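Engineer: Fold the stuff below for me.
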Amino acid sequence: MGYFVYVLVSLKRRKFYVGQTNDLADRLRRHNEGRVKSTKAYRPWSMVYFEKYETRAESMRRERELKSLKGTAKFLELVGVARCAG
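Structural biologist: Modelled structure (predicted):
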């Protein structure tokens with residue numbers, strides 16, 4: 001078994017969500033079914049990035065790192081999203 005850090009993007013609005021889980025498919029399904037309070041209003045979601053870790057502690061550490069980078073050019077480059085010129 002492993003743990004994953006993942007990044008979702010809202011297809012309704014260009015909003016990112018960073019989380020961690022031990023079951024990627026189930027977690028994405030829960031987000032899209034509206035069973036996650038913080039993401040319910042922004043459905044549907046698409047997974048744009050994930051990383052695998054051996055322990056939950058490692059995945060939680062990386063989740064915090066990615067959340068601190070969210071919205072930066074480095075974060076957008078990592079998840080493969082081009083920054084739009086306004």
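
Engineer: Do a quick rundown of the helices in the chain.
Structural biologist: Chain-ordered helices for the chain, with DSSP state H as the definition, fall at 24-32, 56-69, 73-78.

Engineer: Give me the buried positions along the first one.
Structural biologist: Going back to what we said before, that points to helix 24-32. 27-28, 31-32 (16 or more other Cβ atoms under 10 Å). In short, each C-beta sits where N, CA and C put it, glycine included.

Engineer: quick one: low-confidence ranges for this protein?
Structural biologist: 82-86 (pLDDT under 70).

Engineer: Now with 50, please.
Structural biologist: Scanning the chain for pLDDT under 50 picks out 84-86.

Engineer: isn't residue 39 right up against residue 30?
Structural biologist: No. Counting by Cβ atoms under 8 Å, residue 39 sits too far from residue 30 to count as a contact (9.0 Å).

Engineer: that older thread, any chance of TSV for the helices of the chain, columns distance to residue 5?
Structural biologist: As requested, the helices of the chain are exported to TSV (distance: least, Cβ to Cβ, whole Å):
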stretch	distance to residue 5
helix 24-32	10
helix 56-69	5
helix 73-78	11
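
Engineer: do you know which of those helices lies nearest residue 8?
Structural biologist: With Cβ to Cβ as the criterion, residue 8 lies closest to helix 24-32 of those, at 6.3 Å.

Engineer: Backbone dihedrals for residue 80, please?
Structural biologist: With angles defined as degrees, to the nearest 10, residue 80 shows backbone torsions of phi 80, psi 30.

Engineer: What is the burial count for it?
Structural biologist: Neighbours of residue 80 under the rule other Cβ atoms under 10 Å: 9.

Engineer: Repeat that for residue 47.
Structural biologist: Residue neighbour count, defined by other Cβ under 10 Å, stands at 17 for residue 47.

Engineer: can you check residue 75 too?
Structural biologist: 19.

Engineer: got it, and residue 81?
Structural biologist: Counted with other Cβ under 10 Å, the burial measure for residue 81 works out to 15 neighbours.

Engineer: That one contacts residue 46, correct?
Structural biologist: No. Between residue 81 and residue 46 there is no contact, the gap being 11.1 Å when judged by Cβ under 8 Å.
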